[in-house]
Each structure stands twice: as C-alpha cells, then as structure tokens.
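Chemist: sequence and predicted structure are below.
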There are 2 protein chains.
Amino acid sequence: MTQIGETSLLARARGGDKRAIARLLTVVENEEPGAADAIRELYPQTGRARVIGVTGPPGGGKSTLVNRLAGAYREKGERVAVVAVDPSSPFSGGALLGDRIRMQERSLDEGLFIRSMASRGHAGGLARTTSRVVNVLDAIGYGVVLVETVGVGQEEVEVIRVVDSVALVTVPGLGDDIQAIKAGVLEIADVLVVNKADRPGADETARDLAQMLTLGKLRTEWKPPIIRTVAATGENVPQLVDALERHRTWAIESGERERRRRDAARADVEDLLREALVRRLRDHIGPTAVDRAVARVADRDIDPYTAVEELLRQ
Amino acid sequence: MTQIGETSLLARARGGDKRAIARLLTVVENEEPGAADAIRELYPQTGRARVIGVTGPPGGGKSTLVNRLAGAYREKGERVAVVAVDPSSPFSGGALLGDRIRMQERSLDEGLFIRSMASRGHAGGLARTTSRVVNVLDAIGYGVVLVETVGVGQEEVEVIRVVDSVALVTVPGLGDDIQAIKAGVLEIADVLVVNKADRPGADETARDLAQMLTLGKLRTEWKPPIIRTVAATGENVPQLVDALERHRTWAIESGERERRRRDAARADVEDLLREALVRRLRDHIGPTAVDRAVARVADRDIDPYTAVEELLRQ
C-alpha cells in the first residue's frame, strides 16, 4: 500500500479512527469533492450490516431506547453505529445534536460511533444523505447501524426506507393527534414498541395498537409484535432485541429484505438521475433561462406547466 | 358561453358548487387527465387570497384553532377554505380525515370549504399537491386559505412554502423533544402561538420562545409576536387574527411576500422540470434499462453513481 493510501481518509476511517470517520461522513453528507469516489470505492462492501430504524412521534423516549439497544448489541460483541436524524436550525444549533456530541465525547467505547444529522440543508435531501451515511458505516465495518428519526412525516418514511427493520415507538397518552400519527407510520413498522410502559394507560395503548393491526391489511405475512419497554430502566429491552432478530431472520428467509433493498436502490438511482438531468439541462440552456421562467410564474404571467414546456423546447 | 362551458367542472367550481370543487381538487391532487389544463386556465386568477399556514407538533390543538380562525374570517365576510394536510393510511382511513368530513357535512355555511389531504400517495409529492390545491381555491374566489399541517418534519416546511404567513402553535409542557421541534420550525414562523394557555407552564413556554427569538438570528426585520390562545374557548383568537394581519401588511410592504412567492414558484418549476426530464429519459432508453441498473445496484454489482453515468451514456 502506498503512503497516500495508508494515510488517506478512507484508510484511516476503515482503521476505526473516529475523527476520520466523522470527516468522511461530512464529505459524504455535503457531497464535497471526493464524496462520489468514496461511495464508489466503499459500495461493494455494503449490505452486511443489520440496519435498524427507530421512529415515532416526539416525546416517546426514542433516544434513550436507542442508547439501550446500542448497549445490548455492544454486549453481543457487535460494533454499533447510531445515526440520529435530528431537527436542527441556525437558531439553536440543534438541542439533540449537542446532547449527542456530549454523549459521544463521554463514550470511551471504541466499538460505538454516534452521528447526528440535522434534518435540513443537505445537498441531496435527507433520505439520500442518510442512505449514504449508512452505506459508509456499513462498509467500514459497523455490524449494527441504528437509525433514529425524530418526527413522523413523509420524509421520515423516506429515510426509513434504507433500513432492514423498523421499530415504531409510542407511549401511553400522547394526546389528541396520536391516532393519526400511528395510522401514518403503522404500515412501515415491523416491531411496535410501547415505551414508558410503567405509565398509566400502557395497556390501552397496546390494545389500541393490536386492534389497529387486526383491522388493517398487513403488507406481508409478518405480524408486528408489540413490545412494552421502559427504556429509562432497560426493562424488556432484551425482548425488543429478540423481536428485531426474529424479524431479521424472517425478512432474509422470505425475501422481504431483498425486496426492500431493491426499493431503496431504485429510489436512490432515480433520485441521482433526476439531479443529473437537471444539471445537464441547466448547463445547456443556462441558469438565467430558468430564473426568467421562475419570475414569470411568480408574476402569474404564465403557469408552471407552460414554463416547463418552454424550458424544454429551448 | 357555450353549453359545455357552463356545465363544465371548472365553471361549476367557480360558481361555488362544493361537490364540483371537491372533484376538481381530486383531479388536481391525483394529476388526473385535465389537471394541467385546469391549472393553466386558473393560474392567472391566483395570487389574490391571503394564504395562512398553521403548523406545529401534534397535540397542540391546531385543528380547533384553525376552526376558530375560519370563524373569525367568516365574520369579516371572507370566503374561507381550510386545507388540512393530515397523515392517513390504508390502516385507518385517516382519523382526522373522518372528523373533517363530518364537520364539513354539518356545516351549512356556503362560504366555508374544507379539504383534507392525506400525506401520502400524491403523484407529485405533498408540497406540490398542496400548492396546486391552494392555487385552485385561490383562483375560484376563496379570499382566505388556511393550510394546517400535522407534523414538524422537512416536508411540512416544504408544504408551508406556499403560504404568506405561518403561525407556529405550541402548548405548555409537550415533553422532552419540544425544544428540538421548536428549533426546527421556529425560523419559518411569523407568529408564535402558545395555545391551551390556561394550562400550567404557559408563562414558561412563552418565555422560552421569547428567549429563543432573542438568541437567534431573524431572517428579516419582522419580529414574530407571541400570542397566547385558548382555542377551545376562543380566547385571544382576535389577537391572533390581528397579528396575522399585521404580518400580512408588513410582508406586502417590505417585499417579503413577493420574495416568498418567487421562492415557491422556483421550487414548483424545478420540481416539474425534474419530473419531465426523467419521463423523457425513460421514454428514450426504455424502462427495462432503469430496472436493470436498479437490480445491479441492489446486488452491489455497481454503485448508484456509476449506474446513473451508464444510464446517461445510453
């Protein structure tokens, strides 16, 4: 191996140097020069990690649960990476981001890597960025990658497409909108978690979830188990790990994992394709043509459909 | 006017026929045949409505507040449309959707129109669909369009780009993740609402918000006022309406409304452009070429960047 090879960012990241890993992820997140080359080189080594998503409405104790899961997989001897997709803004710098960084600094565990991603300002959108970050962590040898998302919107559903198993975390008594939230993401859940299960109302929440499952049409023959946990104390976390492992085994045997990975690949390729085509068009007709069209649409001179037709004719 | 013109969907919608409006919105939402033509015809009449967004984390009483705002603007003699962007799924059929439909049916008010949109399965993405629905309601004569979003993710931020003024609704004591949520959407808020202000902790929440505002960097010289409401009783709803009107006046005078509308037009044109380009490429190289590339990426034969390069060479 050459001197450059040995000291390259990629080589150091592969060697487990956390600062090099963090820098590599930043290159990939921001699509800095070298990002595509790094992915090209790492991609053949991807597909080995078990990638687990943890999602659900705010206030469910997801972060604590993810920390517990990370600990449980560390005890099994796995190298574990946590990718926390957090809201952030120029206003606050991101509250969760700060917490995570402090947690990372406290951790002397060489086999645990934590990455926080702000939910805005990614060159290629959050779903693609998350996919790339997971690709890198997978390729450099993290056997378990935990992806935690805050929020319950469509974008979180897109983000979660990169994972093999999804745990949906709810808690007793989250308020009026909880029914709607559960409905929105229930269909992507492989394991349902009622966290803070020592609170009043846990039985009702578990019963509601079970009823929604029987009412609904399952996508596959997998029936999502309902696990009650108390992340703060670690209660029933081993049961959650078992449920995730059962889902993994089923997904591999049934071909479901393969199907999901193909869907994720499709979303990824189509997304890159769209972007490349727009870049080509812009190079071809010049940026001012697009600006002029936008101004005319804003002024209600022409409608957006006509604007696009005119741009394509140029 | 010809017989066809008078009885056409567009003509009936313009005449205030609610079933025709609902049908027209469905055509536009699903991009059924005729959708682009309808927008082409309606677009020159858009840009007149005041479009107000109401967003914030679940459990904040947003729906009740939106109903109050609708009532307040109705009293001022405005025709009001409510667009509720609700999570939904095949599992439940959408809890909020059902509520809204019942509310609609109960309403004998000819000047009030309510539309629920599920947050998934739109041909062109939720932001574009919302933009189209608002365009239609604006063009056919609703002077006020209230857009309510459930959730706090990036997609809601995209949805909210179509509005002129954004009210961010929080409540006292929403739990652990509230800091992060507020940070994520605080910068898009023009008016901050502490709803359920009769609950304990309202003072602290208002103080926290004020502090976050002083800490952060404002995008413009507009300083978002903080309004405490009790939507259930209607308390302080007139003050909220006043604050929204003050923002509207400022936005028009300062050029901020124009800037936002230009940004929304840009997002819209670029989005349609991307889609048209991909359709052209697919027609040109055939769908199986894309499928083959996707399969090879899923199998880790090639990376996504190489796959896209190969597709573009064809």
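Modeler: Yep, it's here.
Chemist: for the stretch 101-250 of chain A, just list every one of the helices.
Modeler: A:126-139, A:154-159, A:178-186, A:202-215, A:237-254 (DSSP state H, counting those that start in this stretch).
Chemist: would you single out the least confident of these?
Modeler: Lowest mean pLDDT of the helices of the stretch 101-250 of chain A: helix A:178-186, a mean of 55.
Chemist: tell me where the model's unsure across chain A.
Modeler: A:1-7, A:86-107, A:118-125, A:150-157, A:174-185, A:216-218 (pLDDT under 70).
Chemist: and it, what are its domains?
Modeler: Taking automatic domain parsing as the reference, chain A has its domains at A:44-254, A:269-313.
Chemist: chain B is nearest to which of the helices of the stretch 101-250 of chain A?
Modeler: Closest approach to chain B among those (Cβ to the nearest Cβ): helix A:178-186, 3.0 Å. (C-beta placed from N, C-alpha, C; glycine too.)
Chemist: ok, longest helix in chain A?
Modeler: helix A:256-285 (DSSP state H).
Chemist: check which helices and strands it sits against.
Modeler: Here helix A:256-285 touches helix A:126-139, helix A:237-254, helix A:304-313, helix B:256-285, helix B:287-298, helix B:304-313, going by 3 or more Cβ pairs under 8 Å, 6 or more residues apart in numbering or on different chains; DSSP states H and E.
Chemist: columns distance to residue A:26 on top of these, output as JSON lines?
Modeler: Output for those, formatted as JSON lines (distance: least, Cβ to Cβ, whole Å):
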{"stretch": "helix A:126-139", "distance to residue A:26": "10"}
{"stretch": "helix A:237-254", "distance to residue A:26": "29"}
{"stretch": "helix A:304-313", "distance to residue A:26": "34"}
{"stretch": "helix B:256-285", "distance to residue A:26": "26"}
{"stretch": "helix B:287-298", "distance to residue A:26": "24"}
{"stretch": "helix B:304-313", "distance to residue A:26": "18"}
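Chemist: out of these, nearest to residue B:76?
Modeler: Among the helices and strands packed on helix A:256-285, the nearest to residue B:76 by Cβ to Cβ is helix B:256-285 (19.7 Å).
Chemist: report the angle between the closest one and helix B:304-313.
Modeler: 70 degrees (axes from the mean of the first three to the mean of the last three Cα atoms, to 10 degrees).
Chemist: need the CA coordinates for the strand or helix carrying residue A:25. PDB is fine.
Modeler: When elements are defined using DSSP states H and E, residue A:25 is found to belong to helix A:18-29. C-alpha atoms of helix A:18-29 as PDB (Å, rounded to 0.1, in the frame of the first residue of the first chain):
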ATOM      1  CA  LYS A  18     -13.300   8.200  14.800                       C
ATOM      2  CA  ARG A  19     -12.200  11.600  13.600                       C
ATOM      3  CA  ALA A  20     -11.500  10.300  10.200                       C
ATOM      4  CA  ILE A  21     -14.900   8.600  10.100                       C
ATOM      5  CA  ALA A  22     -16.600  11.800  11.200                       C
ATOM      6  CA  ARG A  23     -14.800  13.700   8.500                       C
ATOM      7  CA  LEU A  24     -15.600  11.100   5.800                       C
ATOM      8  CA  LEU A  25     -19.300  11.300   6.800                       C
ATOM      9  CA  THR A  26     -19.200  15.100   6.500                       C
ATOM     10  CA  VAL A  27     -17.700  14.800   3.000                       C
ATOM     11  CA  VAL A  28     -20.500  12.400   2.000                       C
ATOM     12  CA  GLU A  29     -23.200  14.400   3.700                       C
END
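Chemist: which strands and helices sit next to it?
Modeler: Using 3+ Cβ pairs under 8 Å, 6+ apart, helix A:18-29 is in contact with helix A:9-14, helix A:35-42, strand A:112-118, helix A:126-139.
Chemist: buried deepest among the ones you listed, which one?
Modeler: helix A:126-139 (a mean of 25; mean count of other Cβ atoms under 10 Å in any protein chain shown).
Chemist: for that helix, packing partners?
Modeler: Using 3+ Cβ pairs under 8 Å, 6+ apart: helix A:126-139 touches helix A:18-29, helix A:35-42, strand A:80-86, strand A:112-118, strand A:144-149, helix A:154-159, helix A:256-285.
Chemist: partners of the fifth one, with directions?
Modeler: Taking DSSP bridges as the criterion, strand A:144-149 pairs within the sheet with strand A:50-55 (parallel), strand A:80-86 (parallel).
Chemist: could you give the number of residues near the closest residue to residue A:115 other than its chain neighbours?
Modeler: Of all residues beyond its chain neighbours, the one nearest residue A:115 is residue A:83 (5.0 Å), with distances taken as Cβ to Cβ, 6 or more residues apart in numbering or on different chains. By the criterion of other Cβ atoms under 10 Å in any protein chain shown, residue A:83 has 27 neighbours.
Chemist: bridge partners for residue A:83, pull those for me.
Modeler: residue A:115, residue A:147.
Chemist: does it really touch residue A:131, like I thought?
Modeler: No - contact criterion Cβ atoms under 8 Å: residue A:83 and residue A:131 do not qualify, at 10.4 Å.
Chemist: returning to what we had before: contacts only, for the residue nearest to residue A:115.
Modeler: A:115, A:117, A:130, A:133, A:134, A:137, A:145, A:146, A:147, A:148 (Cβ atoms under 8 Å, 6 or more residues apart in numbering or on different chains).
Chemist: same question for residue A:24.
Modeler: A:9, A:10, A:13, A:38, A:136.
Chemist: what's the answer for residue A:81, then?
Modeler: A:112, A:113, A:114, A:115, A:137, A:142, A:144, A:145, A:146.
Chemist: ok so, going back, ranking the domains of chain A by burial, who's on top?
Modeler: Taking mean count of other Cβ under 10 Å, domain A:44-254 is the most buried of these, at a mean of 20.
Chemist: what about it, start to end distance?
Modeler: Across its full length, domain A:44-254 reaches 24 Å between end residues, using Cα to Cα, to the nearest Å.
Chemist: check the offset of that domain from the chain's centre.
Modeler: Mean-position distance between domain A:44-254 and its chain equals 8 Å (Cα atoms, centre = their mean, to the nearest Å).
Chemist: and the gap between residue A:231 and chain B?
Modeler: Distance of residue A:231 to chain B, computed by Cβ to the nearest Cβ, to the nearest Å: 11 Å.
Chemist: is it true that that residue touches residue A:60?
Modeler: No - if you go by Cβ under 8 Å, residue A:231 and residue A:60 don't touch, sitting 9.0 Å apart.
Chemist: overlap of the contact sets of the two?
Modeler: A:195, A:196.
Chemist: what's the most distant pair in the contacts of residue A:81?
Modeler: A:115 and A:144 (13.6 Å).
Chemist: for the nearest residue to residue A:138 once chain neighbours are set aside, give me its contacts.
Modeler: With sequence-adjacent residues excluded and distances taken as Cβ to Cβ, 6+ apart, residue A:138 is closest to residue A:49, at 4.0 Å. Residue A:49 makes contact with A:134, A:137, A:138, A:142, A:143, A:144, A:145, according to Cβ under 8 Å, 6+ apart.
Chemist: cutoff 6 Å now
Modeler: A:138, A:142, A:143, A:145 (Cβ atoms under 6 Å, 6 or more residues apart in numbering or on different chains).
Chemist: how close does the last one sit to residue B:242?
Modeler: Right, the one you point to is residue A:145. Plainly put, residue A:145 is 50 Å away from residue B:242 if you go by Cβ to Cβ, to the nearest Å.
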